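Visitor: Let me see the structure of the following:
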Amino acid sequence: MNASQPSRRGRPGHSQSSVVAVAVETFNRHGYEATSMGMLADALGVSKSAIYHHVPSKLEILRLALDDALSALETAADDAEAAPPSAASVADLMRATVRVLIEKQSEVRLLLRLRGNSDVEREAIERRRAVDRRTAAVIEAAQAAGELRGDLEPRELARLMFGTVNSVVEWHRPGGRQSSEEVAETVVSLLMDGARQRA
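Guide: Numbers count the residues shown, from 1 in each chain. Next comes the predicted model:
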């Protein structure tokens, strides 16, 4: 190659992000374990060897996809922890979580279906549980501030909230009648109306 020409990784028509995106859809359709590199190559319209110019393994594709979703959820938890303890901070956390689930719907669907069959999966499951624990702490702080009902156990309330929020992954369709913002406001309104401290 001419020294004046920049080097290029990968193959024309695909980037690492596009390979991961197609792979995630394929994992969700067939299951991660059942998806072979040959199936991914067919879905991408390339040879198996071409995939390795972008990612070293199927497991690395899984790790990249899960990290994308988890990093966004962890950022939402970071913001909630940095805010003053209040019902508003809990509502903002749920609102941000709904947005992540809608924007990264395929990656989150994959995350929610993990079975813990590899170190990558087990690490992802632990990171998800850590977000649950951090959310419970944010809820507990809001309860201590007198803004959320004190008769609700923080960890159980966090699980109930996430159960509702996670359901968005299964029924929301991009381009539907409600925008992501409208879905987020509907979900947050329903969750917070039941959790707020009554006057």
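Visitor: Pop the domain breakdown of the chain in here.
Guide: 13-56, 65-195 (automatic domain parsing).
Visitor: quick one: pLDDT of Val187?
Guide: Predicted confidence (pLDDT) for Val187: 93.
Visitor: residues contacting the nearest residue to it once chain neighbours are set aside?
Guide: The shortest distance from Val187 to any non-neighbouring residue, by C-beta to C-beta, 6 or more residues apart in numbering, is to Val98 (5.3 Å). Using the backbone N, CA and C atoms, a C-beta is placed for each residue, glycine as well. Taking C-beta atoms under 8 Å, 6 or more residues apart in numbering, we find Val98 in contact with 165, 168, 180, 183-184, 187-188.
Visitor: same thing but at 7 Å, please
Guide: 165, 168, 183-184, 187 (C-beta atoms under 7 Å, 6 or more residues apart in numbering).
Visitor: any low-confidence regions in the chain?
Guide: Applying pLDDT under 70 to the chain flags residues 1-13, 197-199.
Visitor: what ranges do the helices span in it?
Guide: With helices called from DSSP state H, the chain shows them at 16-30, 37-44, 48-51, 58-82, 87-103, 105-112, 119-144, 154-166, 168-171, 180-195.
Visitor: who does the second one touch, helix- and strand-wise?
Guide: Just to be clear, that refers to helix 37-44. helix 16-30, helix 48-51 (3 or more C-beta pairs under 7 Å, 6 or more residues apart in numbering; DSSP states H and E).
Visitor: Tell me which of those helices sits most buried.
Guide: Of the helices and strands packed on helix 37-44, the one with the most neighbours on average (mean count of other C-beta atoms under 10 Å) is helix 16-30, at a mean of 18.
Visitor: Relative to Ala91, how far out is the residue nearest to Val187?
Guide: 11 Å (C-beta to C-beta, to the nearest Å).
Visitor: And for Gly194?
Guide: With C-beta to C-beta as the criterion, Gly194 and Ala91 are 12 Å apart.
Visitor: Which one of those two is surrounded by more residues?
Guide: Ala91 (20 against 11; other C-beta atoms under 10 Å).
Visitor: Take stretch 129-143, keep the C-alpha atoms, and write them as PDB.
Guide: Written as PDB, here are the backbone C-alpha positions of stretch 129-143 (Å, rounded to 0.1, in the frame of the first residue of the first chain):
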ATOM      1  CA  ARG A 129     -28.600  -5.700  39.300                       C
ATOM      2  CA  ALA A 130     -26.300  -2.900  40.500                       C
ATOM      3  CA  VAL A 131     -28.500  -0.400  38.700                       C
ATOM      4  CA  ASP A 132     -31.500  -2.000  40.500                       C
ATOM      5  CA  ARG A 133     -29.700  -1.500  43.900                       C
ATOM      6  CA  ARG A 134     -28.700   2.100  43.100                       C
ATOM      7  CA  THR A 135     -32.300   2.800  42.100                       C
ATOM      8  CA  ALA A 136     -33.500   1.400  45.400                       C
ATOM      9  CA  ALA A 137     -31.100   3.700  47.200                       C
ATOM     10  CA  VAL A 138     -32.400   6.700  45.300                       C
ATOM     11  CA  ILE A 139     -36.000   5.700  46.200                       C
ATOM     12  CA  GLU A 140     -35.000   5.200  49.900                       C
ATOM     13  CA  ALA A 141     -33.400   8.700  50.000                       C
ATOM     14  CA  ALA A 142     -36.600  10.200  48.500                       C
ATOM     15  CA  GLN A 143     -38.600   8.400  51.200                       C
END
